[in-house]
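*Asks:* generate a structure from the sequence data that follows.
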Amino acid sequence: MAGQAAAQIVATGEVSLTGIVETVTREGLTVRDSDGERHQILVQGKTQQGIALADGGLVSAPVEVTVAGEFPAGGLKPGQVIRFRCRLDQAGKADADLAELTVLEGGDLELGVKTAGGEPLTAAKKQVVEREITATVKTASPKRLVVELPRELAYNRKIALTFSLAPAAVARLRSDDPARIEPGARVVRLTAVQLRSGELVARALVIENPLAKAVADKGDDALERRFQKLSNEPPAQPRLVRSAHFAFVTDVSDREWGVISFKLERMVEALEKFLGRRMTGVVEGFVARDLARFPPGLIDEEYGVEKIRRGEGVCVNSRLGPQRHARLYSCADHGVIQHECVHGICHLTFGSTGPTWLGEGLAELGNYWKDGDRAIDLPAPVIAYLQSVNPKRRLLEIAVPGRAVADTWQDYAWRWAVCHLLANNPNYANRFVPLAIGLMEERPGVSFEGVYGPVAREVSFEYDQFLATLGNGYRSDLTAWPWQAKFQRLSDSGEAVVKVKAKAGWQASRVLVDSGEAFEVVADGTWRIAAAGQPLDADGEKDGRGRLVAAVFANESLSREIPLGRKTALETPAAGQLFLRCADAWTELADNDGEVTVTIRRAP
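*Replies:* Numbering: from 1, shown residues only. Sure thing, here's the model as predicted:
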């Protein structure tokens, strides 16, 4: 996908901070300094093109990062690569418990056993010699560690070596990846530039993690560790690789194919569960990292070759009677492969991919899909565009019938937005699945208007709210509007009691109000608005985060936000339904917890 270029930062000042990391998001960090002030810091990830700003701009801001931490060695995870020194005999037995290990990251790590002091690798049978061991964790417990070596690097024919751990044995991590920063980490040094908008963009970070939990199971890193034993060298020539639902001629390494195939098969499982239909057939085709490795004529479609040359992909679907075929031509970008394979999966399973808005919208869900993660995570140019562009495209501008031209990356972004909302918001997912299946099976009479017409008012309002508040980290399942809630007016002596969660969007108070009515609102209890934050009462922070707030809903629109707190005299600005929520960034609700009990009564 093409995107807007990232500009260089134009700074108006520089800020230096120390403190504690309260929240980690896809966009950056929330840091509480020694004076108790909270700061939002934008941080560019290692693989990101840039940082999306609030005004829709995109800046390039590579950051110098050092993340250090340590944790009990018994907490090591299978697949992690570690390095340590010990005195080892020829049988593979150490003469002392291990007390300290280092967790290694990224790249091709040189596994095996080396001499640590110039002694020969082969020694007398009972001679104990200091060795440096770099190996993959097989199992770990508080007292015992088993590591695994590649078969070709076995130590005196031993692939698995077992060691005892000292009671206080630690594993240490040192990383240059911002993704390793955890809530609760100590900010030793943070330098950021301040933009004209007031936004802070990180330039340098030195972080000490308290327990280094993030070293395990971090996105594709976990899969890299899972397939660490496979070669990462490209093959001498393209070869045929297979999994249960895919068969490609490719030049990616065995390790990368392990990662790709695992992700694709998990995506198939997720689609089958979501759509309620088992995939039939196999997606075939070509995945190329370097076209120069492919002999002329091996890729049988010049259009496919051109797509790969441009760093793109295409899935050519065809039918002959009851037989269906899906042929992939793709560069080696995992998101592109996932996108195009969704087209193939849908065609093989249902007979077509449906109208363009649905086919491309579902495929973009596949492009950005991450196993077990429901939060939005879009490239910076895409999220910046959707946040800043005005006017926003209306639902019926996007969900048009028929096969339209694929158009621009902006068109893909809008189709993603519609499909993401309908698939992830529990108010509409139960309608979206039958609609998608009916359209892909080309059933007569099935249409977007026919399915969502009865709830057009509701879905239009939630679509507008979604576009107004979305960002990376946003969870549509946490922000669904409570349409089923019943509302009524309070009697002079009556009161309403409702629990309001921190980990949710607007929630129904169940109270109908008139403009200018006076109420007394009392909130008891505490909640947190950050994974490493302190419990807050309904007064929240000094900056308003974590405060109980209200709004009045009427005629598919919301009033201005009304700050409340532990005890508030409320005068309603309009007539309608009273809604409540914990004031926090819409993209940061997922790490909140706790609830307050709110009592509403007429003012005396």
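*Asks:* okay, CA-based contacts and neighbour counts for the rest of this
*Replies:* Will do.
*Asks:* and Val336, what element?
*Replies:* Using DSSP states H and E, Val336 sits in helix 334-350.
*Asks:* what's the following helix or strand after that helix?
*Replies:* Counting by DSSP H and E, what follows helix 334-350 is helix 356-368.
*Asks:* following that following helix in sequence, what is the next regular element?
*Replies:* helix 380-388.
*Asks:* what comes into contact with that following helix?
*Replies:* Defining contact as CA atoms under 8 Å, 6 or more residues apart in numbering, one finds that helix 380-388 is touched by 3-4, 48-58, 392, 410, 413-414, 467-468, 470-472.
*Asks:* Gly438 - that's part of a helix, no?
*Replies:* Yes. Counting by DSSP: H, G, I helix; E, B strand; the rest coil, Gly438 falls inside a helix.
*Asks:* neighbouring strands - and their directions - for the lengthiest strand in the chain?
*Replies:* Assignment by DSSP state E gives strand 160-175 as the longest strand of the chain. Its sheet considered, strand 160-175 pairs with strand 64-72 (antiparallel), strand 98-104 (parallel), strand 144-148 (antiparallel) by DSSP bridges.
*Asks:* so what's the residue count around Ala185?
*Replies:* Per other CA atoms under 10 Å, the neighbour tally for Ala185 reads 24.
*Asks:* which residues touch it?
*Replies:* Ala185 neighbours (CA under 8 Å, 6+ apart): 20-22, 207-210.
*Asks:* where's the residue nearest the centre of the chain relative to Ser34, distance?
*Replies:* Nearest to the mean C-alpha position of the chain, by CA atoms, centre = their mean, lies Asp377 at 4.9 Å. Going from Asp377 to Ser34 by CA to CA, to the nearest Å gives 31 Å.
*Asks:* before we move on, what about Ala518?
*Replies:* Counting by CA to CA - Ala518 and Ser34 are separated by 40 Å.
*Asks:* compare those two (neighbour count), which wins?
*Replies:* Neighbours per residue (other CA under 10 Å) separate Ala518 from Ser34, with Ala518 holding more: 16 against 11.
*Asks:* how does this structure divide into domains?
*Replies:* 7-68+177-214, 70-175, 239-469, 495-602 (automatic domain parsing).
*Asks:* any chance of those domains in CSV, plus distance to Ala480 and mean pLDDT?
*Replies:* What follows is the domains of the chain, written out as CSV (distance: least, CA to CA, whole Å; pLDDT from 0 to 100):
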stretch, distance to Ala480, mean pLDDT
domain 7-68+177-214, 21, 86
domain 70-175, 36, 86
domain 239-469, 6, 94
domain 495-602, 7, 95
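*Asks:* format these as JSON lines; extra columns: distance to Leu230.
*Replies:* Below are these laid out as JSON lines (distance: least, CA to CA, whole Å):
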{"stretch": "domain 7-68+177-214", "distance to Leu230": "23"}
{"stretch": "domain 70-175", "distance to Leu230": "9"}
{"stretch": "domain 239-469", "distance to Leu230": "5"}
{"stretch": "domain 495-602", "distance to Leu230": "36"}
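*Asks:* Thr479: which of those is closest?
*Replies:* domain 495-602 (4.5 Å; CA to CA).
*Asks:* just the terminal-to-terminal distance for that closest one.
*Replies:* End-to-end span of domain 495-602 (CA to CA): 7 Å.
*Asks:* swap in stretch 23-36?
*Replies:* 14 Å.
*Asks:* now swap in stretch 241-250 and tell me
*Replies:* Stretch 241-250 has its terminal residues 7 Å apart, counting by CA to CA.
*Asks:* next: stretch 26-45.
*Replies:* 8 Å.
*Asks:* give me the contacts around that stretch.
*Replies:* Under CA under 8 Å, 6+ apart, the answer for stretch 26-45 is 17-24, 50-51, 60-63, 177-179, 187, 192, 199-202, 377, 472-473.
*Asks:* mind listing what's buried in it?
*Replies:* Buried residues in stretch 26-45, counted by 16 or more other CA atoms under 10 Å: 26-32, 38-45.
*Asks:* related to what we said a few turns ago, the helix holding Val336 - contacts with which helices or strands?
*Replies:* Here helix 334-350 touches helix 254-275, strand 283-288, strand 313-320, strand 323-331, helix 356-368, helix 429-440, going by 3 or more CA pairs under 8 Å, 6 or more residues apart in numbering; DSSP states H and E.
*Asks:* all helices for this protein, in order.
*Replies:* 220-226, 254-275, 302-309, 334-350, 356-368, 380-388, 395-398, 409-424, 429-440, 448-452, 456-469 (DSSP state H).
*Asks:* export those helices to CSV and append columns for distance to Lys77 and mean neighbour count.
*Replies:* Below are those laid out as CSV (distance: least, CA to CA, whole Å; neighbours: other CA atoms under 10 Å):
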stretch, distance to Lys77, mean neighbour count
helix 220-226, 9, 18
helix 254-275, 18, 18
helix 302-309, 37, 17
helix 334-350, 25, 25
helix 356-368, 26, 24
helix 380-388, 31, 21
helix 395-398, 45, 14
helix 409-424, 31, 20
helix 429-440, 36, 19
helix 448-452, 46, 15
helix 456-469, 37, 16
